[in-house]
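Visitor: got a predicted model here, sequence first, then my questions.
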Amino acid sequence: MEEEEDFRLNEGNFSRKAAALQNRLGRLQIPDESAPPPPPSQGAPPRTGIPQRAPTKEGYFVYHNMKSPRSAAAHRDPGLPLRTAYAIDVLELARDLGIVVESEPELLCLAEELFIEALPEGWTRHESKHALEYYCHRESRCSQWHHPEQPFYRSLIYMKRRGEQELEVKLKEQPPSDEEIVQMCTWLKVDFVKEADLVSIALCAVGAPVPEDWKEEPIPEEERLAARREWEKEVAHREEEYQQKRRLKGWSTNNSTGFAYDFDDDGKMLEESPPPTPPETPRERETRFVHATGRISVEHPMDVYFYGLVERHRQQQASVDELSSDAMVEAQKLAILTILQNEGNPAKSLGLYEGEITLAQARHAYRSLAQLVRTDKCAQNGAKRALQVLGDAFKSVSDPLQDEDRSSI
């Protein structure tokens, strides 16, 4: 099992700070342990099954532009085979996402987007001995074949197929009330006062459509009562622990505030200790959702999608300063220059030295540069063309390195 090897571009007239930032982007995060957990199972990753949950008119699709440069490149010639436009890695990922490659070419840009997507905090990427990628959660030391963001992209693909149209119709026929929107903001953990720009996502979540492989059914009354009893039991347990702690320390209670307090030997009042925070109130649902495979969930199947939109919007806001920093702008210009100056030489376009190149190196180089020149994050001239050249270069380098049994897409 080999870690991805670092690569470094010719800095030229650009600052070392910009070059360092460019090389840092997309780097694998390797756990402190000497070796990562083994792949989840032997052989190739599963190609079917329901998505795994991660350890989880504007606002709901504004972040994903279907007219990506690579999507346009795939259709320069109406008769152009998809295998000449997208790398094998991307086509395999598209099939994992449930995209019918032959009849849904317009969705392939989403598979490519997921392929270059940065990993969430705490996740690392590794390769099996057969050059198959898998992912490890650092804290739990659990591994899985699928990208941690795959559930979000599966939901996004459903929205692109039919969900957006169904949502628009539903919101017109049954506009959500203010109370429903506020409740959904609470469920999505959105502060509707400080994060007013996220309220539109909560509004859409109220009318979220149910995918065709799920059905909604009433929750039996006894199960609802049992869930409520469990919650009340946890509340009582926390209160009992608090009262026991107060009795052991001889604390008194201020009836006006409900806070417990104590005095030291000099009569000085110690820091107040507030009552315990109650557990999160269970979401009062009268229905649950059953998947075609028999899986039951009390959460809406599209919750992962709307949670993902909220998180992406917050990340976008948090990264505004970094994206506009001098070092980032310099790194983007350096990446575009490197890619376009070496057009026609795939290895150099990827910033790789001449010589033997591994599949891991090619994947790492492609992801690192794509994070810099992807058009939703880079406003520099030439970014669109650079992303197209970069995708073609990755295909030229990576496809011959694939195993024969994996290249027969």
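Guide: The structure has been received and is ready for your questions.

Visitor: distance of Ile99 from Arg363?
Guide: 20 Å (Cβ to Cβ, to the nearest Å). C-beta here means a position set from N, CA and C on the backbone, and glycine is covered the same way.

Visitor: the two: which is more packed in?
Guide: Arg363 (26 against 23; other Cβ atoms under 10 Å).

Visitor: run through the stretch 51-200 of the chain and note the low-pLDDT ranges.
Guide: 51-85 (pLDDT under 70).

Visitor: can you map out the strands along it?
Guide: With DSSP state E, counting those that start in this stretch as the criterion, the stretch 51-200 of the chain has strands at 123-127, 133-137, 142-144.

Visitor: restricting to C-alpha, output stretch 328-335 in PDB.
Guide: The C-alpha trace of stretch 328-335 is given here as PDB (Å, rounded to 0.1, in the frame of the first residue of the first chain):
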ATOM      1  CA  MET A 328      -4.200  32.000  -3.500                       C
ATOM      2  CA  VAL A 329      -4.500  34.200  -6.600                       C
ATOM      3  CA  GLU A 330      -0.800  33.600  -7.300                       C
ATOM      4  CA  ALA A 331      -1.200  29.900  -6.900                       C
ATOM      5  CA  GLN A 332      -4.200  29.900  -9.300                       C
ATOM      6  CA  LYS A 333      -2.200  31.900 -11.900                       C
ATOM      7  CA  LEU A 334       0.700  29.500 -11.600                       C
ATOM      8  CA  ALA A 335      -1.500  26.500 -12.000                       C
END
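
Visitor: how about Asp213, nearest residue that isn't a chain neighbour?
Guide: Counting by Cβ to Cβ, 6 or more residues apart in numbering, Asp213 lies nearest to Ala292, which is 4.6 Å off, once chain neighbours are set aside.

Visitor: swap that for Ala87, please
Guide: Ala87 sits nearest to Lys395 (Cβ to Cβ, 6+ apart), 4.0 Å away.

Visitor: hmm, the one you found is touching Tyr86, no?
Guide: Yes: assessed by Cβ atoms under 8 Å, Lys395 is found in contact with Tyr86 at 6.8 Å.

Visitor: those two: which has the busier surroundings?
Guide: Taking other Cβ under 10 Å, Lys395 and Tyr86 do not tie; Tyr86 has more neighbours (30 against 22).

Visitor: roughly how far does the more buried one sit from Arg363?
Guide: As judged by Cβ to Cβ, Tyr86 and Arg363 stand 14 Å apart.

Visitor: helices or strands next to the strand or helix carrying the residue nearest to Ala87 in the packing?
Guide: In the assignment (DSSP states H and E), Lys395 maps to helix 383-398. For helix 383-398, the contact count by 3 or more Cβ pairs under 8 Å, 6 or more residues apart in numbering; DSSP states H and E identifies helix 69-73, helix 88-96, helix 326-341, helix 346-349, helix 359-373 as packing neighbours.

Visitor: and the angle from it to helix 359-373?
Guide: If you take axes from the mean of the first three to the mean of the last three Cα atoms, to 10 degrees, helix 383-398 sits at 180 degrees to helix 359-373.

Visitor: which outside residues touch helix 383-398?
Guide: Residues from elsewhere that reach helix 383-398, judged by Cβ atoms under 8 Å, 6 or more residues apart in numbering: 69-70, 73, 85-89, 112, 332, 335-336, 339-340, 343, 346-347, 349-350, 352, 357, 359, 362-363, 365-366, 369-370, 373-375.

Visitor: tabulate the CA atom coordinates of it in CSV.
Guide: The C-alpha trace of helix 383-398 is given here as CSV (Å, rounded to 0.1, in the frame of the first residue of the first chain):
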residue,chain,number,x,y,z
ALA,A,383,-9.4,28.9,-15.9
LYS,A,384,-12.1,27.3,-18.0
ARG,A,385,-9.7,26.3,-20.7
ALA,A,386,-7.1,25.1,-18.1
LEU,A,387,-9.7,22.8,-16.5
GLN,A,388,-10.6,21.3,-19.8
VAL,A,389,-6.9,20.7,-20.7
LEU,A,390,-6.3,19.3,-17.2
GLY,A,391,-9.1,16.8,-17.6
ASP,A,392,-7.8,15.6,-20.9
ALA,A,393,-4.3,15.3,-19.6
PHE,A,394,-5.5,13.2,-16.6
LYS,A,395,-7.4,10.8,-18.9
SER,A,396,-4.3,10.4,-21.2
VAL,A,397,-2.1,9.6,-18.2
SER,A,398,-4.4,7.6,-16.0
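
Visitor: if anything else comes up later, I'll come back, but that's it for now.
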